[in-house]
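> give me a model of this one.
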Amino acid sequence: MLTILLNPNRSEPLYQQICAAIREEIASGALQPNEKLPSRRTLSAHLQTSIVTVQTAYEQLAAEGYLYSRSRAGYYVDPDAPLLAHMPKERMLSEAQPVQEVPEDQIVFSTSGVDLEQFPFSTWAKLSRQVLSTKQETLLQSPPAMGLYELRAAIAAHLRAFRDIHAVPEQILVGAGTEYLLGILMQLLGASRRYAVEEPGYFKGKRILRSNGASVIDILMDKNGLDITALRRSGATVAHVTPSHQFPTGIIMPVRRRAELLEWVNAGNTRFLIEDDYDSELRFQGKPLPSLYSMDTGDRVIYMNTFARTLAPSLRIGYVVLPPALAEQFQRDFSFYSSSVPSFEQYTLVHFLQDGYFERHLNRMKKTYRQRQKMLTAMLQAHPLGQYLSIQGEEAGLHLLLEVHLPCTEQELVAAANQAHVTVYGLSAYYETPQNPSAFPQIVLGYACLSPEELQRGTERLLNSWMQFLS
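Residues are numbered from 1 along each chain as shown. Just a heads-up that it's a prediction; the model follows:
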């Protein structure tokens, strides 16, 4: 049990004291990657504080990347947490989004989760039993560094069918999530390079790059995606992009900009693009545009994807498709690595992909998320404030960008929502440096984690709290 000395007389809130103590436990090695933390109820009783205080601390640490949650199972130490624990404290404090103590009925429009109630537990359990009964001779053996060949072959078949990516299993590297794989890519490409990243963008990826010693430069987005002119001037030799559905703006990069990116990467023989296709399967309108990988003729694009959005974050399985030269380099220089994903999960996922379960599950999830998105947009448009709202990013993904045409600031909108027991995040929270990207405040609304009932209550509370700004 965690022993944390809480001092209610300190100016620092109790949840922050809990956060600091858990970070120290992770940094010292007392808490190991993937170790389960005490339940909220158990820890609150042990510390003689409220469950809400412990929940707030756990959510803060999850937002910072120290913890991850499993449905009905609680919170666990993130595998990358030791890297974050040794970053300079002032940087972590500036990058972390503040979390305040929240009431029990708080509704959070989170962008980081999925609907875990839809996970195919019965199918996964059946396939797990099948693996246990048929793979006893190989199940306990250490899988190859790049992952089981059967899984890489199944992923290759999926990519051919869904993304028109023609890669052989020898090019595919399976790992415990995109964060782990990003660290591996840095070892392949070298930390001495300058890495260009999207601004606004995914904070955790930037942290991982910096924690490995890379020089990271933010490139602002324009209406078509990463600003290619700024990229050319940046001196970067590697660019990390999310062309299918940029996070958090929701921009889908048009073909012309994709062609410009490929022109940039093929203009130098040491340049690479990391194409993060994190939610390309969750597209609701038309077919997805061709991936950068499928358009590239110079073997300069590294394709990255994960099963976290389509199955569950706790599954911790992602993969990259390496250009042939990098695949050979990994086999030559890094084949001594142990696979970071257990054989049991890999074999189960093989059957899930090969037997058609993943495709059927994906179709169900797209239908569910599309219905929720329609519900959310309909409520936004039907409210008296509807005429003052502009909705962006409806084509794909699990969040919307809401531009609010009212005489107020983004901070005022977020604060008003919090007073109504609703948590939302302004777009500026995803910028490393203060920006004014729009004449009007913009709010990022994630909806995947909310049930239809929570979505209705949360949207009503949110919009009613903003009525005060209507002049």
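
> how far away is residue 236 from residue 122?
47 Å (Cβ to Cβ, to the nearest Å). In short, each C-beta sits where N, CA and C put it, glycine included.

> show me the contacts for residue 449.
Taking Cβ atoms under 8 Å, 6 or more residues apart in numbering as the criterion, residue 449 is in contact with 108, 110, 113-115.

> dump those residues to a markdown table, plus secondary structure.
Conversion of the contacts of residue 449 to a markdown table gives the following (DSSP: H, G, I helix; E, B strand; the rest coil):
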| residue | secondary structure |
| --- | --- |
| 108 | strand |
| 110 | coil |
| 113 | coil |
| 114 | coil |
| 115 | coil |
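
> for residue 376, which non-adjacent residue is spatially closest?
residue 447 (5.3 Å; Cβ to Cβ, 6 or more residues apart in numbering).

> can you give me the buried ones in the strand or helix carrying residue 344?
Assessed by DSSP states H and E, residue 344 sits inside helix 343-354. Across helix 343-354, burial judged by 16 or more other Cβ atoms under 10 Å covers 343, 345-353.

> kindly report the same for stretch 381-399.
383, 385, 388-389, 391, 393-394, 396-399.

> ok, residue 242 touching residue 274?
No. In terms of Cβ atoms under 8 Å, residue 242 does not count as a neighbour of residue 274; the distance is 9.7 Å.

> comparing these two, which residue is more hemmed in?
Counted by other Cβ atoms under 10 Å, residue 242 and residue 274 do not tie: residue 242 has more neighbours, with 28 against 24.

> so who does the residue nearest to residue 376 touch?
Contacts of residue 447 (Cβ under 8 Å, 6+ apart): 109, 369, 372-373, 376, 398-400, 455.

> for residue 197, same thing?
Applying Cβ under 8 Å, 6+ apart, the residues near residue 197 are 205-206, 209, 216-219, 239-240.

> out of these, name the ones that lie in helices.
205-206, 209 (DSSP state H).

> that older thread, can you name the two of the contacts of residue 447 that sit furthest apart?
Spatial extent of the contacts of residue 447 (Cβ to Cβ) is set by the pair 109 and 369 at 14.1 Å.

> who's more crowded, those two?
residue 109 (26 against 22).

> do a quick rundown of the helices in the stretch 351-471 of the chain.
357-382, 410-419, 452-466 (DSSP state H, counting those that start in this stretch).

> counting contacts, what elements does the shortest one pack onto?
Just to be clear, that refers to helix 410-419. strand 425-426, strand 442-446, helix 452-466 (3 or more Cβ pairs under 8 Å, 6 or more residues apart in numbering; DSSP states H and E).

> run the angle between it and strand 442-446 for me.
Interaxial angle of helix 410-419 relative to strand 442-446 (axes from the mean of the first three to the mean of the last three Cα atoms, to 10 degrees): 40 degrees.

> pull the helix or strand with minimum mean pLDDT from this structure.
The weakest-scoring helix or strand in the chain, judged by mean pLDDT, DSSP states H and E, is helix 89-95 (a mean of 41).

> circling back to that earlier point, now, which of the contacts of residue 449 sits nearest residue 330?
residue 114 (29.7 Å).

> give me the number of residues near the nearest residue to that closest one once chain neighbours are set aside?
Using Cβ to Cβ, 6+ apart and skipping the chain neighbours, the partner closest in space to residue 114 is residue 448 (5.0 Å). Residues near residue 448, counting by other Cβ under 10 Å, number 24.

> hmm, residue 115 and residue 448 touching each other?
Yes. At 5.6 Å, residue 448 and residue 115 qualify as touching, with contact defined as Cβ under 8 Å.

> domain ranges for this protein, per the record?
The record's domain parsing of the chain by automatic domain parsing lists 14-89, 121-355, 360-469.

> least confident of the ones you listed, on average?
With a mean of 81, domain 14-89 has the lowest mean pLDDT of the domains of the chain.

> skipping adjacent residues, who's closest to the most centrally placed residue in the chain in space?
Compute the mean C-alpha point of the chain, and by Cα atoms, centre = their mean the closest residue is residue 112, 5.8 Å away. Nearest residue to residue 112 in three dimensions, chain neighbours excluded: residue 446, at 7.2 Å (Cβ to Cβ, 6+ apart).

> same deal with residue 35?
In space, residue 35 is closest to residue 77, 4.8 Å off (Cβ to Cβ, 6+ apart).

> bridged to the one you found, which residues?
Bridge pairing for residue 77 (DSSP bridges) gives the partners residue 67.

> quick one: contacts for the residue nearest to the centre of the chain?
62-63, 313, 446.

> in the stretch 151-300 of the chain, which spans are strands?
172-175, 194-199, 215-222, 225-226, 238-241, 272-276 (DSSP state E, counting those that start in this stretch).

> among the ones you listed, which comes closest to residue 39?
Taking the strands of the stretch 151-300 of the chain one by one with Cβ to Cβ, strand 172-175 is closest: 29.1 Å.

> which elements pack onto that closest one?
Short answer (3+ Cβ pairs under 8 Å, 6+ apart): strand 172-175 packs on helix 149-163, helix 178-189, strand 318-321.

> what pairs with it, parallel or antiparallel?
strand 318-321 (antiparallel).

> quick one on the thing from earlier: quick one: the helices and strands packed on helix 410-419 as TSV, columns for distance to residue 411 too.
Below are the helices and strands packed on helix 410-419 laid out as TSV (distance: least, Cβ to Cβ, whole Å):
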stretch	distance to residue 411
strand 425-426	7
strand 442-446	11
helix 452-466	13
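
> wait, which of the ones you listed is closest to residue 331?
Closest among those, using Cβ to Cβ: strand 442-446, at 38.6 Å.

> run me through the strand neighbours of the closest one, direction for each.
strand 399-404 (antiparallel), strand 425-426 (antiparallel).

> any residues touching the first one, and which ones?
Meaning strand 399-404. 111, 247-250, 373, 376-377, 380, 388-394, 413, 427, 438, 440-448, 466.

> repeat that with 6 Å
111, 249-250, 389-393, 440-446 (Cβ atoms under 6 Å, 6 or more residues apart in numbering).

> next, count neighbours for residue 325.
Residue 325 has 10 nearby residues by other Cβ under 10 Å.
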